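>>> Test case, fold it:
(one chain, ligands or ions: 1)
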Amino acid sequence: MRVRGLTKRYGEQIAVAGIDLELPAGQFIGLVGPNGAGKTTTLSMITGLLRPDAGTVEIGGHDVWRDPVEVKARIGVLPEGLRMFERLSGRELLTYTGRLRGLPGEEVDKRATQLLDVLDLAGSQNKLVIDYSTGMRKKIGLAAALLHNPEVLFLDEPFEGVDPISAQTIRGVLERYTRSGATVVFSSHVMELVESLCDWVAVIAKGRIRAHGPLAEVRGDAPSLQNAFLELVGAGRRLAGQGQNLDWLGGGAR
Ligand code: ATP
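Residues are numbered from 1 along each chain as shown. Modelled structure (predicted):
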């Protein structure tokens, strides 16, 4: 995947300030950055959900904005705050998604049954999506994104609001998927998670890429990715100064 000069403004605010990136295929890639860094905006532009003001994105040699059908057949997306067809059951949602992707009915049924089973949703497959919990929604969204066996899967904060058991299940599915040669790109601000999952990371802050490359290279000599990250986004100094403020907080005095 090749990103060149990707830019997005909202009025005066520059959300993404000209990103250049080349992401390797067949790897587990983490896009990390603090709140408001531009992760969601970047992923939305890369996956054809948000039109960039400038720049290009190519996936497998196809331009996302000039050749959207070719690209969308090859990718799966789990956006943040995904809106789903709430009045369908989990099973119906997968059937609908699979048919929309042009898969034969029997194949959709087979894949849906397996995905529901692996993601521990078989018992809730007839429940309406509106009645699903946050973790269940993430899992059914993941199943819908994987159903057509995409070459690249994009996930915006896939572990947000997910309990440790479901997180482990999602993780297992993603690890198996990348082992088969597919690529996963996911955004997160949970460094421990990125460190334990990713082969390759890109650090973004204030709409710019601060570092990118294999995990060990970006971490450098720092004891953890968290330390390297704080250094890269310049948060270390800010944190050090914080003790002087909020001196009224705690201690029972009013
Ligand atoms: P988080 O980790 O908190 O989800 P993020 O890295 O995904 O953050 P973005 O959601 O991409 O960050 O936001 C980047 C910047 O663009 C922020 O300053 C945000 O306020 C701004 N922004 C995003 N969407 C809009 C919008 N629709 N209108 C105006 N500003 C926006």
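
>>> Could you name the specific helix or strand carrying the spatially closest residue to S224 that is not a sequence neighbour?
Among residues not flanking S224 along the chain, E195 sits closest, at 6.6 Å (C-beta to C-beta, 6 or more residues apart in numbering). Bear in mind the C-beta positions are built from the backbone N, C-alpha and C, glycine included. If you go by DSSP states H and E, E195 is part of helix 191-197.

>>> Might you enumerate the residues of the stretch 1-150 of the chain proximal to the ligand?
Residues of the stretch 1-150 of the chain lying near the ligand by C-beta under 6 Å from any ligand atom: 10, 13, 15, 33, 35-41.

>>> Indicate whether the following helix or strand past the helix holding E195 makes contact with the ligand.
Of the helices and strands lying after helix 191-197 in sequence (DSSP H and E), the nearest is strand 200-205. No. Remark: strand 200-205 sits outside contact range of the ligand, by C-beta under 6 Å from any ligand atom, the gap being at least 6.9 Å.

>>> and strand 200-205, C-alpha only, in PDB?
What follows is strand 200-205, C-alpha atoms only, in PDB (Å, rounded to 0.1, in the frame of the first residue of the first chain):
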ATOM      1  CA  TRP A 200       5.500  -2.900  11.800                       C
ATOM      2  CA  VAL A 201       4.300   0.400  13.200                       C
ATOM      3  CA  ALA A 202       3.700   4.000  12.100                       C
ATOM      4  CA  VAL A 203       3.500   6.700  14.800                       C
ATOM      5  CA  ILE A 204       1.300   9.600  14.000                       C
ATOM      6  CA  ALA A 205       0.900  12.900  15.900                       C
END
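
>>> what mean pLDDT does the longest helix anywhere in the chain have?
Counting by DSSP state H, the longest helix found in the chain is helix 164-179. Throughout helix 164-179, pLDDT has a mean value of 89.

>>> what packs against the following helix or strand past that helix?
Following helix 164-179 in sequence order, the next helix or strand is strand 183-188 (DSSP H and E). If you count contacts as 3 or more C-beta pairs under 8 Å, 6 or more residues apart in numbering; DSSP states H and E, strand 183-188 packs onto strand 28-32, helix 39-46, strand 152-156, helix 164-179.

>>> what lines up beside strand 183-188 in the sheet?
Looking at strand 183-188 with DSSP bridges, its partner strands are strand 28-32 (parallel), strand 152-156 (parallel).

>>> Pick the one among the residues of the stretch 1-150 of the chain next to the ligand closest to A25.
K39 (20.8 Å; C-beta to C-beta).

>>> which one is that closest one nearest to, not counting chain neighbours?
In this structure, K39 finds its nearest non-sequential neighbour in S187, 4.0 Å apart by C-beta to C-beta, 6+ apart.

>>> isn't the one you found right up against V32?
Yes. Taking C-beta atoms under 8 Å as the definition, S187 is a contact partner of V32 at 7.3 Å.

>>> those strands in the stretch 1-150 of the chain, which residues are they?
Along the stretch 1-150 of the chain, the stretches classed as strands by DSSP state E, counting those that start in this stretch are 2-10, 13-22, 28-32, 54-59, 62-63, 75-78.

>>> Make a markdown table from those and add mean neighbour count and mean pLDDT to it.
A markdown table is the format used below for these (neighbours: other C-beta atoms under 10 Å; pLDDT from 0 to 100):
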| stretch | mean neighbour count | mean pLDDT |
| --- | --- | --- |
| strand 2-10 | 17 | 96 |
| strand 13-22 | 17 | 95 |
| strand 28-32 | 26 | 94 |
| strand 54-59 | 18 | 96 |
| strand 62-63 | 15 | 96 |
| strand 75-78 | 23 | 94 |
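
>>> possible to save the ones you listed as TSV with distance to G135?
Formatted as TSV, the strands of the stretch 1-150 of the chain follow (distance: least, C-beta to C-beta, whole Å):
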stretch	distance to G135
strand 2-10	30
strand 13-22	29
strand 28-32	20
strand 54-59	29
strand 62-63	34
strand 75-78	13
